[in-house]
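**Q** Below are the sequence and a predicted model for it; my questions follow.
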Number of protein chains: 2
Amino acid sequence: MNTCSVGQTETKILKYDGKIKLSSGIDFGPLEIAYETYGKLNENKDNAILVIHALTGDAHAAGYHDVNDKKQGWWDKMIGSGKAFDTDKYFVVSSNMLGGCSGTTGPSSINPETNKPYGLSFPVITMEDAVKVQKILIDYLGIKKLIVTGGSMGGMQTLEWAVSYPEYVSKAIVIASTARLSAQGIAFNAVGRNAILSDTNFNNGDYYDKQAPEKGLSVARMIGHITYLCEESMHKKFGRRLQNKEKPDFDLGIDFQVESYLQHQGSSFVERFDANSYLYITKAVDYFDLAEKYGSLENAFAQTNASFLIICFSSDWLFPVCQSKEMTKALVKAGKDVSFCEIDSPCGHDAFLLEFDTQTEIIKSFLKKDN
Amino acid sequence: MNTCSVGQTETKILKYDGKIKLSSGIDFGPLEIAYETYGKLNENKDNAILVIHALTGDAHAAGYHDVNDKKQGWWDKMIGSGKAFDTDKYFVVSSNMLGGCSGTTGPSSINPETNKPYGLSFPVITMEDAVKVQKILIDYLGIKKLIVTGGSMGGMQTLEWAVSYPEYVSKAIVIASTARLSAQGIAFNAVGRNAILSDTNFNNGDYYDKQAPEKGLSVARMIGHITYLCEESMHKKFGRRLQNKEKPDFDLGIDFQVESYLQHQGSSFVERFDANSYLYITKAVDYFDLAEKYGSLENAFAQTNASFLIICFSSDWLFPVCQSKEMTKALVKAGKDVSFCEIDSPCGHDAFLLEFDTQTEIIKSFLKKDN
């Protein structure tokens, strides 16, 4: 079950010369959309599953790129032959989010009008905009009916898909997510953005030919990372153990393992992520409130035709269980088909990237259900 | 009950020409200790209560300094005639912590050997060191028996007092605190320090005649502030309400009230607090583990002669209820007199600065008890 079954994959680029109308009212384009696919689309083109990544993910969800490295995609343990999203049966699609920095057009992309990176001239985006871009890819692939799934921010976009394109989405699997970002969630994002904006290297977003605001981005990542774990998982993983020493140093450097771990998370993150993308994507997360346009969550869900599976984790305090229960209640009130599952886990929010066996079992049962 | 009853007060400075042995092994001195007192010390000198501030507090716990301003001390609602710490009966003492920046010797103080601020040449300190400095003040005032109390970090020092000077402490009131900082607590402190150290104005701590690392300190405060509230209190206070607008701006500026509030907390904090003090004091908090020297919490408490009152708050996720229960259990095991009280509150960690009525009632009952 746990070995890579998808094999070598590559990220492709779809070029779209048109423009899309963003939530802000701006017409934006052209676009490039980075994506990967696993398994085969059947003749009826009705066996597709769109898998949507979380805050800092990319299109590389399964398999490996480099024959020598064999570093697997972020949800490799869930996608492949015999796995939760079984590539023997399904055609799995994964794309990088609009505003990202892994192939899809974002602030680090070259603006064809100026031949320079967009930087802060990139428009502010929403989850609805991100989904609109994914829809271009789905149309290009000729898919008319699909299952959508994602964890965390990917779950927000799954919800947005079900509401925005009800005729397309047959099943929606929403994992460790929420129908609106809480005040506390906005607060954590705001502090992360503040750290980036405070970095003297930020230079108003125009740093692509200079030193990037790595220190600010690193602090932002460290803040985020604390919210992905939980007190219990941190206690088990690190406790109060010192980092390679028997006594504290009595200086202002790193003493504890948890400090060293966070520092590593921060410094490795800046090698793979763009600070401007972090600003734009966290802002899109802040704006996410599925109910807003429809007056209530129940009214929003009234638009949908999908069967829903809502999965949450007991120790997730970023998008806690109560928020998944709120979604489930609204779906029930709207008369929709919904299954709810709280998985008992000590892994915090990150559980959707760690608790494979239980998720696999639940998802397989749900996918077997007739619509 | 809620009006200021202490009246005008002033912070005094005790000068101590000796040296103290710090936990690190360094002999450090001379010292200045900023303190305030409220009420009168009786002839037997046995009616004193030492009140210890939290992370960024100061000696000004009650009354007001400026006749025109009348801004009250940080625990004014708890200290005064007829209040929880009744100045008709008790002599209340409050001092600024070693390493602080409000009168007691800290990194911004002038090193008499160089005539320059200590900066990073200030020694790394612990809660034990902070208590040792308070002991100098208590000795100077001629007090041989006292009640000690404090919330959050002040609670850590209260515990340290009971263990380090058992012959002095008759009662210990430990509020919203813990016997050791958790991995998650260390993580939040480490990220805050990282934000300060990443600020280009930090200049290795040597910034007193230059621009201070205000942006870094502000980010550190914002992170801290999120941990002082809780999801519930933030939801009630801010929800997803926008700041002075009906629609989001679709730019990277402040959209939500909670962002504006945090920004204000950050920017007002840098006017009253020193970044180096923030580094040293959070490090002392990280190091705090009452059990460490004695092998177990039970063994540590075996040293004490005090009656304990442990107060915690249901929504405090920084120093959660389970940590107060752990202390209480260890005290019971050690055969000590302990009262435990969990106050149901939606105010998070900050509840010790907000929930006055319930705290007052409980503390008054506890203080009436004979030892």
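**A** Here it is on my side, so go on. Residues are numbered from 1 along each chain as shown, chains lettered A, B, ... in the order given.

**Q** Need the contact partners of stretch A:64-80.
**A** Counting by CB atoms under 8 Å, 6 or more residues apart in numbering or on different chains, stretch A:64-80 makes contact with A:1-2, A:4-11, A:36, A:38, A:51, A:53, A:57-58, A:60-63, A:83-87, A:92, A:94, A:353, A:356, A:359-360, A:363, all of which sit outside it. (Glycine included, C-beta is placed from N, CA and C.)

**Q** at 7 Å instead, please
**A** The set of residues that contact stretch A:64-80 without belonging to it, under CB atoms under 7 Å, 6 or more residues apart in numbering or on different chains, is A:2, A:4-6, A:8-10, A:38, A:51, A:53, A:57, A:60-63, A:83-85, A:87, A:92, A:356, A:359-360.

**Q** Pull out the buried members of those.
**A** Burial by neighbour count, 16 or more other CB atoms under 10 Å in any protein chain shown: within the contacts of stretch A:64-80 this picks out A:4-6, A:9, A:38, A:51, A:53, A:57, A:60-63, A:83-85, A:87, A:92, A:356, A:359-360.

**Q** among those, which are within reach of chain B?
**A** Intersecting these with the contacts of chain B gives an empty set (criterion: CB under 7 Å from any CB of the partner chain).

**Q** Tell me which entries of the contacts of stretch A:64-80 lie within strands.
**A** Among those, the subset assigned to strands under DSSP state E consists of A:38, A:51, A:85, A:92.

**Q** ok, so of those, who is nearest chain B?
**A** Taking CB to the nearest CB as the measure, chain B sits nearest to residue A:51 out of the ones in strands among the contacts of stretch A:64-80, at 28.1 Å.

**Q** Give me the three-state assignment for the nearest residue to that closest one once chain neighbours are set aside.
**A** The shortest distance from residue A:51 to any residue other than its chain neighbours is 4.7 Å, reached at residue A:94 (CB to CB, 6 or more residues apart in numbering or on different chains). Using DSSP: H, G, I helix; E, B strand; the rest coil, the structure places residue A:94 in strand.

**Q** do the one 10 residues further on as well
**A** Here residue A:104 is coil, with the state taken from three-state DSSP.

**Q** how close does the most centrally placed residue in chain A sit to residue A:318?
**A** The centre of chain A sits closest to residue A:54, judged by CA atoms, centre = their mean, with a distance of 1.3 Å. Separation of residue A:54 from residue A:318 (CB to CB, to the nearest Å): 11 Å.

**Q** swap in residue A:265?
**A** Taking CB to CB as the criterion, residue A:265 is separated from residue A:318 by 16 Å.

**Q** more neighbours, those two?
**A** Comparing residue A:265 with residue A:318 by neighbour count (other CB atoms under 10 Å in any protein chain shown), the higher total belongs to residue A:318, at 24 against 16.

**Q** in what helix or strand does the more buried one lie?
**A** With elements taken from DSSP states H and E, nothing contains residue A:318; it lies in neither a helix nor a strand.

**Q** just to revisit the earlier point, please read off the pLDDT at the residue nearest to the centre of chain A from the model.
**A** Looking at residue A:54, its pLDDT is 98.

**Q** So for it, what's the nearest residue that isn't a sequence neighbour?
**A** Closest residue to residue A:54 apart from its sequence neighbours, by CB to CB, 6+ apart: residue A:152 at 4.0 Å.

**Q** Helices of chain A, residue ranges please.
**A** Defined through DSSP state H, the helices belonging to chain A, from first to last, are A:127-140, A:153-164, A:183-198, A:214-228, A:231-237, A:257-269, A:275-287, A:297-302, A:321-333, A:356-368.

**Q** Need the winner for burial among these.
**A** Ranked by average neighbour count under the criterion mean count of other CB atoms under 10 Å in any protein chain shown, these are headed by helix A:153-164 at a mean of 27.

**Q** Around chain B, pick out the residues from the stretch 101-250 of chain A.
**A** For the stretch 101-250 of chain A, the contact set with chain B under CB under 7 Å from any CB comprises A:120, A:124, A:180, A:182-184, A:186-188, A:190-191, A:194-195, A:198, A:200, A:215-216, A:219, A:222-223, A:226, A:231, A:234-235, A:238-240, A:248, A:250.

**Q** Quick one: residues contacting residue A:59.
**A** A:11, A:34-36, A:94-96, A:102-103.

**Q** actually residue A:325, not the one I typed
**A** The contact partners of residue A:325, by CB under 7 Å, 6+ apart, come to none.

**Q** could you check the distance from it over to residue B:13?
**A** 56 Å.

**Q** what residues does stretch A:232-240 touch?
**A** Outside of stretch A:232-240, the residues within contact range by CB under 7 Å, 6+ apart are A:256-258, A:261, A:315, A:346-348, B:180, B:182-184, B:187, B:289.

**Q** 10 Å instead?
**A** The contact list for stretch A:232-240 (CB atoms under 10 Å, 6 or more residues apart in numbering or on different chains) reads A:226, A:229-230, A:255-262, A:314-315, A:345-351, A:354, B:180-187, B:286-289, B:291-292.

**Q** Run a quick neighbour tally on residue A:200.
**A** Other residues within reach of residue A:200, judged by other CB under 10 Å, total 14.

**Q** Nearest residue to it in space, ignoring adjacent ones along the chain?
**A** residue B:200 (4.8 Å).

**Q** now do residue A:327
**A** Counting by CB to CB, 6+ apart, the nearest residue to residue A:327 once its immediate chain neighbours are dropped is residue A:179, at 5.0 Å.

**Q** now swap in residue A:9 and tell me
**A** Once flanking residues are discounted, residue A:9 sits nearest to residue A:63: 3.6 Å by CB to CB, 6+ apart.

**Q** give me phi/psi at the one you found?
**A** Geometry field for residue A:63 lists phi and psi as phi 70, psi -170, criterion degrees, to the nearest 10.

**Q** wait, what's in contact with it?
**A** By CB under 10 Å, 6+ apart, the residues touching residue A:63 are A:4-10, A:36, A:38, A:70, A:72-73, A:76, A:79-80, A:87.

**Q** Tell me the one of the residues you listed nearest residue A:330?
**A** Within the contacts of residue A:63, distances to residue A:330 taken as CB to CB reach their minimum at residue A:79, with 29.2 Å.

**Q** since we're on that closest one, how many residues are nearby?
**A** Residues near residue A:79, counting by other CB under 10 Å: 28.
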